[in-house]
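Colleague: the amino acid sequence is not available; the structure is as follows:
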């Protein structure tokens, strides 16, 4: 018997292959063009008018041949990569898409759009005229609520030269767009906490780096040389284990009544801690992230805020 997972995988692969095929569709202008052609043909047949018959045949020839002209214009185009930088809720943003133009042919009349439900109001982005083999396009998206949005489908379309037909190609994607809470809130950053023996453990460790002085730091760790050189009060940090000072960011500490406002306050605190190079932890009712520093830690914490109380889409 076939494995169920293998069958599902085969179906997914088949769906993706089908989605990569170009499809031809009539535009409203093309339908009007065809209707006018039929009317002229009927009038020419009823009144035995050769001029009307000639015009009807010319219109029909244009209607048929523009399909091939459009196809030759876009058959080498394909979506190469999709670059998704995280954004903040209710902020305007754009998604960068890179397309591959196989033969470097000039391709007018091409646009790209997001067809996912979450981006239903997104306007298609017109591709710039270019003979480059790699073309970059920015798709402006409407402000979104926080969460994680899957971009399952992007659609290339072309109605060149006169808009009678539209060739469309939908491409599957596994990319996700993270939308973090809006960083706002005037509440002061919680004070760092430390256990007994913190400074002893720091002194027993190896020197790591210097950071901006925080209220409560030991005077024994002031970087006097850096202070004399820069005029800014700096504190020495040592790799000393669990005794290092930590800033605990908890949802309970945010005083706002609305949950979205409290998440926005946490987002503001995370960005402040990251900017000040503080070691911080995040505590949510359903998740606790251990104290750490750095870009990767910041992204993990912000992603936890983005999907708090939500299911990943």
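Modeller: All right, it came through fine. No experiment lies behind these values; they were computed from the predicted model shown.
Colleague: use CA for all of it now, contacts and neighbours both
Modeller: Will do.
Colleague: can you report how many residues neighbour the nearest residue to residue 307 once chain neighbours are set aside?
Modeller: Using Cα to Cα, 6 or more residues apart in numbering and skipping residues adjacent in sequence, the residue nearest residue 307 is residue 147, 5.1 Å away. For residue 147, the neighbour count with other Cα atoms under 10 Å is 24.
Colleague: so how far is residue 113 from residue 147?
Modeller: Going from residue 147 to residue 113 by Cα to Cα, to the nearest Å gives 21 Å.
Colleague: among the helices and strands of the protein, which has the poorest mean pLDDT?
Modeller: Least confident element among the helices and strands of the chain, by mean pLDDT, DSSP states H and E: helix 198-204 (a mean of 42).
Colleague: who does the helix or strand that contains residue 179 touch, helix- and strand-wise?
Modeller: Per DSSP states H and E: residue 179 is located in strand 176-180. Helices and strands touching strand 176-180, as assessed by 3 or more Cα pairs under 8 Å, 6 or more residues apart in numbering; DSSP states H and E, comprise strand 87-88, strand 147-150, helix 295-306.
Colleague: ranking those by mean pLDDT, which is last?
Modeller: When those are ranked by mean pLDDT, strand 147-150 comes last with a mean of 85.
Colleague: any chance of the helices and strands packed on strand 176-180 in TSV, plus distance to residue 66?
Modeller: Converted to TSV, the helices and strands packed on strand 176-180 look like this (distance: least, Cα to Cα, whole Å):
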stretch	distance to residue 66
strand 87-88	41
strand 147-150	35
helix 295-306	47
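Colleague: run through who's touching stretch 147-162.
Modeller: By Cα atoms under 8 Å, 6 or more residues apart in numbering, the list of residues contacting stretch 147-162 from outside reads 66, 69-70, 73-74, 108-116, 118, 165-180, 306-307, 310, 312-313.
Colleague: where does the stretch 101-250 of the chain have low pLDDT?
Modeller: 104, 118, 120-122, 129-130, 193-209, 214-220, 237-245 (pLDDT under 70).
Colleague: if we go to 90?
Modeller: Within the stretch 101-250 of the chain, the set of residues satisfying pLDDT under 90 comprises 101-145, 147-177, 185-250.
Colleague: in the sheet, who's paired with residue 176?
Modeller: Taking DSSP bridges as the rule, residue 176 bridges to residue 150.
Colleague: tell me where the stretch 151-300 of the chain has strands.
Modeller: For the stretch 151-300 of the chain, the strands defined by DSSP state E, counting those that start in this stretch cover 153-158, 165-172, 176-180, 206-212, 234-239, 247-250, 280-284, 287-292.
Colleague: need those strands in a markdown table with mean neighbour count and distance to residue 99, can you?
Modeller: Shown next, in a markdown table, are those (neighbours: other Cα atoms under 10 Å; distance: least, Cα to Cα, whole Å):
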| stretch | mean neighbour count | distance to residue 99 |
| --- | --- | --- |
| strand 153-158 | 21 | 10 |
| strand 165-172 | 22 | 12 |
| strand 176-180 | 22 | 18 |
| strand 206-212 | 14 | 43 |
| strand 234-239 | 20 | 47 |
| strand 247-250 | 21 | 42 |
| strand 280-284 | 20 | 39 |
| strand 287-292 | 15 | 38 |
